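> any chance you could fold what I've pasted below:
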Amino acid sequence: MTDKSTSVPVPEPGEGKRGEQGYIAYLLRQASGAVRSAVERALEDLDVTQPQFLVMTLINAYPGSSGADIARAAMLTPQTVSLILTNLERDGRLYRTVSPTHGRVQRMALTDEGKALLARCRERTAQIEARLSSSIPSGLEPAIRRWLVDIASLDFSIDKSPNEPQD
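You can find the predicted model right below:
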């Protein structure tokens, strides 16, 4: 038996539902994926993954943070961050110290090697940031930044049973 249905080709970004008529949530995901891919390509010869770069950036920005702090800020699971931290420590890019106030909490900091590597990564990703900023119409960048921060702060709880009686 043959399939007589016709398939519709998936459009390129910017076309069809992948363009301005698409769902906002999908368009944000599509844009995020494009930026993530660009960062991965920019860092691949430095032997740094995009999640490692993110974690190193957060540790550098918030010295003394715990793994749990970094996981929350990176929006990664604690297990994923733990693996990233283990690999960064193994490669001499960070070190951990035990918190003086809580013996089970470890605080992280980048080594000199880690800081130098992060600086090289920032040089590469600055080109991506510049390209993103240059594509924003004049004067709109502050509003777009506010909008993105607002989205990250929204409560996305939904009523999964809208037809059920409310108490």
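> tell me where the chain has helices.
24-43, 50-61, 67-74, 78-90, 112-134, 141-153 (DSSP state H).
> reformat these as TSV; add mean neighbour count.
(Each C-beta comes from the backbone N, C-alpha and C, glycine too.) Shown next, in TSV, are the helices of the chain (neighbours: other C-beta atoms under 10 Å):
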stretch	mean neighbour count
helix 24-43	14
helix 50-61	20
helix 67-74	18
helix 78-90	16
helix 112-134	14
helix 141-153	10
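> now tabulate those helices in TSV and tack on mean pLDDT.
As requested, these are exported to TSV (pLDDT from 0 to 100):
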stretch	mean pLDDT
helix 24-43	96
helix 50-61	97
helix 67-74	94
helix 78-90	96
helix 112-134	97
helix 141-153	94
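> now for these, which one comes closest to residue 102?
Closest approach to residue 102 among the helices of the chain (C-beta to C-beta): helix 67-74, 11.1 Å.
> what is the orientation angle of the closest one with helix 78-90?
Calculated by axes from the mean of the first three to the mean of the last three C-alpha atoms, to 10 degrees, helix 67-74 forms an angle of 110 degrees with helix 78-90.
> helices and strands around helix 67-74, which ones?
Counting contacts by 3 or more C-beta pairs under 8 Å, 6 or more residues apart in numbering; DSSP states H and E, helix 67-74 packs against helix 50-61, helix 78-90, strand 106-110.
> make TSV out of those and add distance to residue 134.
Below are those laid out as TSV (distance: least, C-beta to C-beta, whole Å):
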stretch	distance to residue 134
helix 50-61	21
helix 78-90	31
strand 106-110	30
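> nearest to residue 27, out of these?
Across the helices and strands packed on helix 67-74, residue 27 has its closest neighbour in helix 50-61 (20.1 Å, C-beta to C-beta).
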